[in-house]
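Colleague: sequence first, then the predicted structure:
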Amino acid sequence: APATPTDFIRDIVAADLAAGRHQKIVTRFPPEPNGYLHIGHAKSICLNFGIARENNGTCNLRFDDTNPAKEDVEYVDSITTDVQWLIAGWADQCLGFKPKGSHPDAQSVNGRPDHYRASITLGSSAAEPFFASDYFEQLYSYAIELIKKGKAYVCDLSAEDTETYRGSPEKPGKDSPFRTRSVEENLDLFQRMRAGEFPNGARSLRAKIDMTAPNMWLRDPLLYRIRHVAHHHAGDKWCIYPLYDYAHCLSDYLEGITHSICTLEFVDHRPLYDWVLESLELPRALPHQYEFSKLIPGYMIVSKRKLLQLVENNVVTGWDDPRMPTLSGLRRRGITATAVRKFVIGAGVTKFDALTDIAVMEHVVREDLNTLAVRRLGVLRPIKIVLTNIAEGEVIECNATNNPQDETPTTRKIALTREVFIESDDFAEVPPPKYFRLKPDGEVRLKYAGIIKLDEIVKDATGAVTELRCTFDRTTLQGEPGSDRKVKGTIHWVSATQSIAAEVRIYDRLFTVSEPGSEEDFLKVVNPQSLEVVTARLESSLAEAKLEDRFQLERIGYFALDSKDSAPGKLVFNRTISLKDAWTP
Ligand code: ATP
Ligand code: MG
Ligand code: MG
């Protein structure tokens, strides 16, 4: 495999190793379980697991689950599945492992147990994920510590007043009237917050930093808020929950993370990340935060909040709808983990936001499937041909190539019979100039079979074409002397009797504009024609199709079996992608 090109984060990691600042690199991928993972997350996964992989380090999958109101186990499960899918066979050996129970490396911080967890390299992906909510007890102890150090206080301002007191980037903030509370009073109130004595929003725990700091995040940010709501992982043990900026840095510390990599919107949070860790005067090496730009592919939405709206408004059938940019949607569509990784890694790691051309992703997907997919014949919009010089019941076996990209391509037998189907637009009664497919008195080659000539067009009472009667030139069969006779057109076909009917779903882009995320109302730029369903005729071998198989229907595109709606005898195929880009904006 080609080496991953270096980038500014990998350069930092290499320099840290060279300087002996770390013995082992530990990264993490920290999704909030409030939605399904999307293609943007794949970039973060590949960066974090990639760095671990290249340096014999580990990467923890950690649920950043501090906001129970929007989170759910459904998301925990789907994220776990999707991460495993994406890294399987590539970086599963780097997955950070969470040992059960106490660990010999456990140390103590200021007399309290510190559940330091050494990362263990695994040969399989069976490791348990980490949960920030597993650290709630420790985070609470650290908060007590901050209060004792005079670095945190309980504030009774309402959410609205807190906002007003914060000021604006142009205007310095004002100290909260509760800022001067004594340590004893703060300890008492914070313990009572935990005990459930106060209603939602009545009080909060805030860091005591600087209400005039130019960086708004340092103006006494909230560390804890009261939320009387059960937690999907921690149960009903808590009614105060830590905020992201407080929980994240400490979770990183507790897991021994060396490089905490996130996206650019967190640049302004970095001083707060460092402030929390430094204020606690922790004994071990501190993690450091580094930021890179988000991946935003053209024509896609990469925001869980907006993707949820697509699901809730039934614009799509679910998070795993094959038109969704979610990992479960891309997988169901037939895109492989290899192609996803190749695309997101190829997009590079930078410090400035830019739209990534969707053509790049489509190119990677086609390249991947071109090597992988076996070729098959299938007709999406069939029209019947009767080969009048082939007897009823006669079967002419033809050899068809499975994959010309293989080193030694294999073949299979396909049946040519009296009745076959061709694509209805491979026939024109009144052909435009330079039309080389089937036309009155014209000849065309049926791929792998031979040349046919159109003799007669049969129509019903309404004038609709019901069948085309042709003669088959037997001298052009494989192995016959005329097999290399030239005609200008070659088309695909299937036997009418030795084929199966199947539902085929043809997808187009979900949005009509390249930056749907920048629209005022992205729901207004949904492509109304993003799904077309046809009943296709496919060569009979496709009755045996498996979920993991990939097919190229010759001249049409790449296809995969649908993992949800397909059943034996009632197959549903998704078109992963067309053979060539036919898209005009
Ligand atoms: P969303 O806006 O979709 O909810 P998020 O950043 O809030 O995204 P998280 O669950 O916090 O979602 O994401 C987990 C990790 O993935 C974070 O480190 C985040 O920075 C990263 N990430 C999220 N979106 C992208 C993206 N488009 N490109 C690269 N990394 C991303
Ligand atoms: Mg987030
Ligand atoms: Mg979010």
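Modeller: Structure's in. What do you need? The model shown is predicted, which means the values in this text are computed figures rather than measured ones. Numbers count the residues shown, from 1 in each chain. Ligands and ions are numbered 1, 2, ... in the order given.
Colleague: and after the helix or strand harbouring residue 252, which helix or strand comes next?
Modeller: Secondary structure from DSSP states H and E places residue 252 in helix 244-254. Where DSSP H and E defines the elements, the next helix or strand beyond helix 244-254 is strand 259-263.
Colleague: and the host helix or strand of residue 40, how far out from the chain middle?
Modeller: Here residue 40, judged by DSSP H and E, is contained in helix 39-54. In this view, helix 39-54 has its centroid 12 Å away from the chain centroid, taken as CA atoms, centre = their mean, to the nearest Å.
Colleague: quick revisit: run through the neighbouring helices and strands of the helix holding residue 252.
Modeller: helix 136-148, strand 222-226, strand 259-263, helix 270-279 (3 or more CB pairs under 8 Å, 6 or more residues apart in numbering; DSSP states H and E). Every residue, glycine included, has its C-beta placed from N, CA and C.
Colleague: so which of these gets nearest ligand 1?
Modeller: Counting by CB to the nearest ligand atom, ligand 1 lies closest to strand 259-263 out of the helices and strands packed on helix 244-254; the figure is 3.6 Å.
Colleague: each with direction, which strands does the closest one pair with?
Modeller: Here strand 259-263 has these sheet partners by DSSP bridges: strand 288-292 (parallel).
Colleague: is the partner strand in proximity to ligand 1?
Modeller: No. Strand 288-292 stays clear of ligand 1 (CB under 6 Å from any ligand atom), getting no nearer than 7.3 Å.
Colleague: what angle do helix 244-254 and that strand make with each other?
Modeller: If you take axes from the mean of the first three to the mean of the last three CA atoms, to 10 degrees, strand 288-292 sits at 120 degrees to helix 244-254.
Colleague: show the subsequent helix or strand relative to strand 288-292.
Modeller: strand 296-297.
Colleague: given that following strand, what are its sheet partners and their directions?
Modeller: strand 355-356 (parallel).
Colleague: pretty sure residue 501 sits in a strand.
Modeller: Yes. Assessed by DSSP: H, G, I helix; E, B strand; the rest coil, residue 501 belongs to a strand.
Colleague: excluding residues flanking it in the chain, which one is nearest it?
Modeller: residue 535 (5.7 Å; CB to CB, 6 or more residues apart in numbering).
Colleague: show me what contacts that neighbour?
Modeller: Contacts for residue 535 (CB atoms under 8 Å, 6 or more residues apart in numbering) come out as 501, 502, 503, 504.
Colleague: what about ligand 1: which of these touch it?
Modeller: Okay, of those, nothing touches ligand 1 (CB under 6 Å from any ligand atom).
Colleague: give me the low-pLDDT residue ranges for this protein?
Modeller: 1-3, 98-127, 582-585 (pLDDT under 70).
Colleague: quick check: residues of the stretch 51-200 of the chain near ligand 1?
Modeller: residue 64.
Colleague: who's in contact with residue 8?
Modeller: 292, 349, 351.
Colleague: what's near enough to touch the residue in the chain that ligand 1 sits nearest to?
Modeller: The chain approaches ligand 1 most closely through residue 40 (2.1 Å), counting by CB to the nearest ligand atom. Residue 40 sits next to 294, 295, 296, 302, 325 when contact means CB under 8 Å, 6+ apart.
Colleague: quick one: which of the residues you listed is most hemmed in?
Modeller: residue 295 (26 neighbours; other CB atoms under 10 Å).
Colleague: which one is it nearest to, not counting chain neighbours?
Modeller: residue 43 (4.1 Å).
Colleague: ok, that neighbour - contacts?
Modeller: Contacts of residue 43 by CB under 8 Å, 6+ apart are 294, 295, 344, 345, 347.
Colleague: residue 455 now?
Modeller: 388, 441, 469, 470, 471.
Colleague: in what helix or strand does it lie?
Modeller: Residue 455 belongs to strand 450-459 when elements are defined using DSSP H and E.
Colleague: quick check: next helix or strand after that strand?
Modeller: strand 465-473.
Colleague: would you mind listing what in this protein touches ligand 1?
Modeller: So the chain meets ligand 1 at 30-32, 40-41, 43-44, 64, 262-263, 294-296, 302-304 (CB under 6 Å from any ligand atom).
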